[in-house]
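1. this is the structure alone, sequence omitted:
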């Protein structure tokens with residue numbers, strides 16, 4: 001529309017202020033669309049050789065594989081239980097019943113507080129980071145395949161045999 005008005009020399013007329021809105025309207029729409037694309041590009045989880053990178057719009061955190069306690073794929077509703085249900089953003093309501101990636105972190109309180117400050121309270125609660133991703137099961141499998149093998153961690157299995165009397 002702006003190009004048409006410029007071509008017809010309508011924007012240059014002195015008393016025609018209603019057409020001047022197009023000069024501001026179109027670039028602001030393009031700027032908003034670019035902001036949405038930038039947000040989508042920056043908000044993701046990537047599995048790298050040195051750790052898992054959780055990125056938000058402005059910040060990112062690199063989690064070493066040694067600091068990850070466990071990885072699961074669960075519905076996002078699990079993260080917003082009890083009083084946290086008011087923290088669900090309207091944009092995230094469509095993802096609440098879909099699987100999300102849950103990463104439990106091990107570390108002292110200062111490290112967890114620094115991560116919580118960078119990621120925010122919507123993504124991180126106590127020692128758990130919940131991120132909605134398109135394929136949570138594949139991401140959980142990829143991360144858990146890179147976790148170091150830990151002796152002494154309960155891996156499940158059968159019951160012990162009873163002692164003979």
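-> Yep, that arrived. All values reported here derive from a predicted model rather than from experimental measurement.
2. and the longest helix along the chain, what other elements does it pack with?
-> Among the segments of the chain that qualify as a helix by DSSP state H, the longest is helix 21-42. In terms of contacts (3 or more Cβ pairs under 8 Å, 6 or more residues apart in numbering; DSSP states H and E), helix 21-42 is packed against helix 2-7. Every residue, glycine included, has its C-beta placed from N, CA and C.
3. so which residues of the chain form strands?
-> With strands called from DSSP state E, the chain shows them at 44-47, 52-55, 60-63, 68-75, 99-105, 124-125, 128-131.
4. picking that back up, quick check: mean pLDDT across the longest helix of the chain?
-> The average pLDDT within helix 21-42 is 80.
5. how far away from the center of its chain is that helix?
-> Here the centre of helix 21-42 is set off from its chain's centre by 21 Å, with Cα atoms, centre = their mean, to the nearest Å.
6. burial count for the nearest residue to residue 102 once chain neighbours are set aside?
-> By the measure of Cβ to Cβ, 6 or more residues apart in numbering, the closest residue to residue 102 outside its immediate chain neighbours is residue 72, 4.5 Å from it. Counted with other Cβ atoms under 10 Å, the burial measure for residue 72 works out to 17 neighbours.
7. would you mind measuring from residue 72 to residue 141?
-> With the distance defined as Cβ to Cβ, to the nearest Å, residue 72 ends up 11 Å from residue 141.
8. could you list which residues are in contact with the residue most central in space within the chain?
-> For the chain, residue 131 is the residue whose C-alpha lies nearest the centre (Cα atoms, centre = their mean; 4.2 Å). Under the criterion of Cβ atoms under 8 Å, 6 or more residues apart in numbering, the neighbours of residue 131 are 45, 54, 100-101, 103, 123.
9. please repeat the previous calculation with a cut-off of 7 Å.
-> Contact partners of residue 131, counting by Cβ atoms under 7 Å, 6 or more residues apart in numbering, are 45, 54, 100-101, 123.
10. distance of it relative to residue 55?
-> In this structure, residue 131 and residue 55 are separated by 10 Å, where distance is defined by Cβ to Cβ.
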